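Engineer: Sequence and predicted structure are below.
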Amino acid sequence: MRLLAGELAATGRLRSTLSIKMAADILSTMNSPELYLMLVEQRGWSQQQWSRWVGDAWVRLLSERGVVCDDPKRSGPPRRWQGLMGATSRHHSHSCARSCALLPLCLAWSHCFVRGAALLLMCACSGVISTPPGVPPITPVRSAELDCSGQQAMRVPTQRLSASQYERVVRDALGDQLRLSPSYPSAKVSTASPYSTFPEANPPADFAVKGIAETAEVLADAVTDGLGGCDAGGELGCARATLTGLATKLYRRPPTAEEVERLTAVFSSMRGEFTYTEALGLALTVMLQQPQTLYMIEHSLDAGTFALPLEDWQLAQRMALLYLGGLPDAQLHRAAVDGGLTSAAARKAEASRLVSTPRGRAAMTRFIFELLGQEGFVAGQFSPTVQAALNQELAKLVDDALAQPDGLTALLTSKKGFVNDTLETFYSIGRGPKDAQGWREVQLDARAGILTHPLLMARTAHGLEPSVIFRGKFVRTMLLCGELAAPPPGATAQQPDAGLGAGPRAASEARGQAALCAGCHTQMDPIGFGFLQYDGAGALRPAEDAHGTLAGSGDATDGTFNGARELGQKLAASEDVARCFSRQWLRYAFGKREDAKADVCAVKLLGDRFVKSGRNLEVLFTSVAELEAFALRRPEPAP
Amino acid sequence: MNSRRLFLKGAGATLALPYLTWSSGAAAAPPAVPKRLVIFINGQGNLNNSLCDLWTPPAMPDGSLELSGRPMLNMLTPHQKKMVVVRGVDNALMGYYRPANGHVGQGHTYLSASLPRTAVDDAGNYLAYDSQPPMAYSTCCMGPSIDHFLAAKLGVDEPVHLAVNEPYGGEYHPFYKVTKDPDGLSNTQVNMVVDPTAVFNQYIASRPLPQLSRRERFAAKRTNVLDAVRDSFNALYSKVGREDRLRLQQHAQRISELQATLVPPAPQCGLLQQNNPAGYPTGDQPLWGGASLPYERALSTAQINNLVQMLTCGARDVMTLTHDNYDSPPMPWLATDTDVPEAERQNFPCASWHGFVHRSGSAANHPVLINGFRFYGKQFKYLLDQMDAVIEPNGQSLLDNSLVLWISEFGDGGAHSTDNLPVVLAGGLQGALKTNRFIDLAQTPLQKIRYTTGDLHTSILKLFGFNETFGFTGFQGLNNGGLPGLAA
């Protein structure tokens, strides 16, 4: 709602007395199922009456002068809202009809985009797989029905580096011993922005800017002594050279002359009060906070073209941040300098090389780590030692899956575990011989790959008590790419009472009978039942009934299952799951949810390659770089 | 932003600040900042008998303070929301000892609210009035002055007493330590310091320089660094699209907001440098006595600067500043002051300010007298201006963290009257003082309570959190437990 309110504000037609938050609140209120049910089901309004009334009310409530579209030249809604319309229409056609009978109104578009959008948004309805505002879904694109022969390019938002990326960049540029201050802002992931690479996960909040400033001071202070001296008389030239070198690394490209002069001016202004190296250190403090360092910036305004090719350094930046989590290594840098990244084959080869390196594998592990919702999450169930060991085990599981021809199946079904002394105790298994690093591979009969890994089980539990909701939601949204609306306001308070001591099944049944809750929870809870045998630390509770149901996909994944291992087998067999997994990787790589219209071919092509490869993870990870969309950028309109 | 940096520049000091801190967020407790007391004194009262309407604020329906119509106080209008003016505070000790003349007793007792040594025998027993020897210039009081008493209660250094023009307060000595002289009855007198340079060198410059780490010195440049960072954001706007531009603008806006929260910690005394104001005497020019009067305004400015810097850098938490013009020509520079009409500039009938005040019965003298008292008002305003310009680490100004008392030994110097002393309180004392008030405690036939300097100083103690009675209370009516209406 806030996104759409922001869209309206951007048109300049939002009522001046309303903030975006207030507008979003009004949208949420008017869009509430309670209002719809009261007027349509209780008061007997027709859907058409209701939708006409809502559209009119939105215009009156939100827009200046009660008119949103007073531009006679406007022939339709903004692109984002147009996408919503089409997507939501498709969606309603099969899953949203019961609670949100808005489809007829989606056709009422004439001259007022708010009116049309208002109708569409009604489908952020309670308890039904639905499109979150501004997030048009893409149904799995499997066949050749889509013509993707034309030029493909994606619009990639300018995004602030995540904390892990920033730290890696700093360490690569200034010294591997450096670490970020605790005050540096960590990513704030959410259902709508599930990865640290999303701009929305790294907002420029007050605390963030302050944390960045403090971190920059600490880092600059730590490296100032090593910034080198200069012969007397040539300080300015030395400083300029040093700052150019630092900027080349931190900006991930050669700085412009203007940028160098800006930094040199900082040096000069400080030199009178500070020593030569200290003045350089202060210039570095500035550099560490500049947008060129903090953000992945790819300048490109609308030049009248559909797509612009990325420059070599921009390609290297994309690849380095994705595959190394930091700066380009020497070979990637050389490839960029030599123009060796322009061909898809060259990028693919370079990506393969990078993924095979320890840092490359660590970067892939980070994707899985974030897929499992671990970014910013600290499980109270684990001691720091156990947490660290489990993180290491996850990395080994990803390494192992990368080595398998069908890596996705390994990720979802493997019984493999990797233990050190800590995890032998944690898993209650005996001591055994280990490799030089103190690890050994074990078979864990109850394990279903990452599905039952303790990190995920802890993330989807209330303490040690498993949450069928969280676990079902994870499968539904992250592995099946289903879109679930946020709980309506007051949902928790209005949760049906299943009675004191009711188990998870009884509680779920009560939710399934409540109109407000049923739509979404029938999509989540039956899947979550399959994990009831795992507590919040991932330990087995064999006495629990773990029969679950997977429905709604219309393919081989549909049906009942008994326990997480059977669920894993079903998911691994599903092409939709494979395509969803590839889509998650695409989202992570580009830091955005795919655009329903513009990005559909990238989704399809990447999914095709992953499926065709037999779900080989190395193919998936490296194929992103091979996409034409990876090397092109869709320009933004000029402000 | 009204920053400490700006103030110190304006106050004539060159200052190398230590590091800048961010002001506290809502969730964090603000850093502790000491509460300070400043007493500002001018001699000869305010002529509240003959010129009452020029000083006393009008009674407003809501009890608030309105100074704009009172020529002797209207220069303080910018600060009136941080002020309290009190009418009706008497120095009531006059009937309990024999003064040598019309000045010494008044001047000795108004800050101590205590009897002079001459009022008791060697055993400390009160002597009947007629049995007392006349009180002499050097007679000490049997109690500390409020400033020393408070400093001892706070556990901070003894106050330093700055003065303009004369170091001994004419015929009076208002400042007494908490310690006793060898006789065991008198408290030890403390003289004032009249040389601003000596004050600076002794109390500011001599303090050891702080040892700042490089990180702290880097942090001192946060404003410059963030300016440069924002410039970098600005330079990018024209090169990116609308959505990206909005995102970058949001970031730059947060930087601006962060800069607005930058608050310097208390500067270290050793880093301050004296920078004398224009007109400050050079060479061997005398700093007190009649010959110093051409420099009075510059000396006053320099002493106020010293006072504020000493408070700011933690050299003292309790201080006084006395403008003493007792025997000197009555502000001869007033003759050239453009505030005074030409026709009135020649009207200086006496050789001293004291003598001139005694001529207040003549209305022809009033314009120049008023300008003399306005001079004190302007000095007090300058003091408040400087204190309010200093933003301390808790985000409040030095003035907000302090209590400033403006008082004189007389109500009406021309009549040697100690009734109805001019009492102005300013500052906030971190919220303890209820400001923007005119409190009229002047006696009426129906009122039985006579509020005294003992009440005033008791109230000051209470505002600082010390619930005890101050001064001599051996006779009924000398202390009522404090003044009403001051506490927030």
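Structural biologist: Received it, and whenever you're ready, just let me know what you need.
Engineer: Next, count neighbours for residue 475.
Structural biologist: Because you didn't say which chain, this covers chain A. 26 (other CB atoms under 10 Å in any protein chain shown). Quick note: C-beta positions are derived from backbone N, CA and C, even for glycine.
Engineer: wrong chain, I was asking about chain B
Structural biologist: Neighbour number of residue B:475 under other CB under 10 Å is 13.
Engineer: Residue A:210 now?
Structural biologist: Neighbours of residue A:210 (other CB under 10 Å): 19.
Engineer: Can you tell me the closest non-neighbouring residue to it?
Structural biologist: residue B:258 (5.6 Å; CB to CB, 6 or more residues apart in numbering or on different chains).
Engineer: Isn't the one you found up against residue A:212?
Structural biologist: No. Assessed by CB atoms under 8 Å, residue B:258 is found out of contact with residue A:212, at 9.6 Å.
Engineer: Quick check: the residue of the stretch 51-200 of chain B nearest chain A.
Structural biologist: residue B:200 (23.3 Å; CB to the nearest CB).
Engineer: Once you drop chain neighbours, what's closest to that residue?
Structural biologist: Nearest to residue B:200 is residue B:274, by CB to CB, 6+ apart, at 4.4 Å.
Engineer: Return the backbone torsion pair for that neighbour.
Structural biologist: Dihedral pair for residue B:274: phi -80, psi 140, per degrees, to the nearest 10.
Engineer: Same check on residue A:417?
Structural biologist: Main-chain dihedrals, residue A:417, degrees, to the nearest 10: phi -130, psi 160.
Engineer: Count the neighbours of it for me.
Structural biologist: 20.
Engineer: residue contacts, it?
Structural biologist: Contacts for residue A:417 (CB atoms under 8 Å, 6 or more residues apart in numbering or on different chains) come out as A:393, A:423, A:427, A:441-444, A:447.
Engineer: and the gap between it and chain B?
Structural biologist: 42 Å (CB to the nearest CB, to the nearest Å).
Engineer: burial of the closest residue to that residue other than its chain neighbours, as a residue count?
Structural biologist: Nearest non-adjacent residue to residue A:417, counting by CB to CB, 6+ apart: residue A:444, 4.3 Å away. As a burial measure, residue A:444 scores 18 neighbours (other CB under 10 Å).
Engineer: circling back: per-residue pLDDT, the residue nearest to residue A:210?
Structural biologist: At residue B:258, the model reports a pLDDT of 90.
Engineer: which residues sit in contact with it?
Structural biologist: A:206, A:209-210, A:213, B:22, B:226.
Engineer: How about residue B:408?
Structural biologist: B:41-46, B:421-422.
Engineer: for residue B:112, same thing?
Structural biologist: Contacts of residue B:112 by CB under 8 Å, 6+ apart are B:141, B:143-146, B:174, B:176, B:187, B:471.
Engineer: mind redoing it with 7 Å?
Structural biologist: Taking CB atoms under 7 Å, 6 or more residues apart in numbering or on different chains as the criterion, residue B:112 is in contact with B:141, B:143-145, B:176, B:471.
Engineer: Switch those over to CSV; also include neighbour count, secondary structure and pLDDT.
Structural biologist: Shown next, in CSV, are those (neighbours: other CB atoms under 10 Å in any protein chain shown; DSSP: H, G, I helix; E, B strand; the rest coil; pLDDT from 0 to 100):
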residue, neighbour count, secondary structure, pLDDT
B:141, 30, strand, 90
B:143, 23, coil, 94
B:144, 25, coil, 97
B:145, 31, coil, 97
B:176, 28, strand, 95
B:471, 27, coil, 95
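Engineer: so which two of those residues are the farthest from each other?
Structural biologist: Within the contacts of residue B:112, two members stand farthest from each other by CB to CB: B:176 and B:471, at 11.5 Å.
Engineer: what residues do these two have in common as contacts?
Structural biologist: By CB under 7 Å, 6+ apart, the residues touching both residue B:176 and residue B:471 are B:112, B:143.
Engineer: got the residues of chain A near chain B?
Structural biologist: Counting by CB under 7 Å from any CB of the partner chain, the residues of chain A close to chain B are A:157-158, A:199, A:204-206, A:209-210, A:213, A:217-218, A:220-221, A:224, A:262, A:266, A:269-270, A:278, A:281-282, A:285-286, A:289-292, A:299, A:301, A:635-639.
Engineer: Setting aside sequence neighbours, what's the nearest residue to residue A:284?
Structural biologist: residue A:220 (4.4 Å).
Engineer: and that neighbour, what helix or strand is that in?
Structural biologist: helix A:206-223 (DSSP states H and E).
Engineer: hmm, who's touching the very next helix or strand once past that helix?
Structural biologist: Going down the chain from helix A:206-223, the next helix or strand is helix A:235-250, by DSSP H and E. Helix A:235-250 has contacts (CB under 7 Å, 6+ apart) with A:169, A:173, A:227-228, A:230, A:254-255, A:259-260, A:263-264, A:267, A:276, A:280, A:283-284, A:287, A:293, A:327.
Engineer: Same check on stretch A:619-632?
Structural biologist: A:151-154, A:307-310, A:315, A:318-319, A:342, A:344, A:347-348, A:351-352, A:355, A:364, A:582, A:585-586, A:589, A:602, A:605-606, A:609-610, A:613.
Engineer: Kindly supply the ChimeraX command isolating those of those that are buried.
Structural biologist: To isolate the buried members of the contacts of stretch A:619-632 in ChimeraX, using 16 or more other CB atoms under 10 Å in any protein chain shown:
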select /A:152,153,154,307,308,310,315,318,319,347,348,351,352,355,364,582,585,586,589,602,605,606,609,610,613
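Engineer: Tell me which of the contacts of stretch A:619-632 fall in helices.
Structural biologist: Among the contacts of stretch A:619-632, the members found in helices (DSSP state H) are A:315, A:318-319, A:344, A:347-348, A:351-352, A:355, A:364, A:582, A:585-586, A:589, A:602, A:605-606, A:609-610.
Engineer: where's residue A:188 relative to chain B, distance?
Structural biologist: For residue A:188, the distance to chain B - CB to the nearest CB - is 15 Å.
Engineer: Go ahead and confirm that residue touches residue A:200.
Structural biologist: No. Using CB atoms under 7 Å, residue A:188 is not in contact with residue A:200, being 8.3 Å away.
Engineer: Can you check the pLDDT for residue 12?
Structural biologist: All of this is about chain A. The model reports residue A:12 with a pLDDT of 63.
Engineer: think we crossed wires, I meant chain B
Structural biologist: 37.
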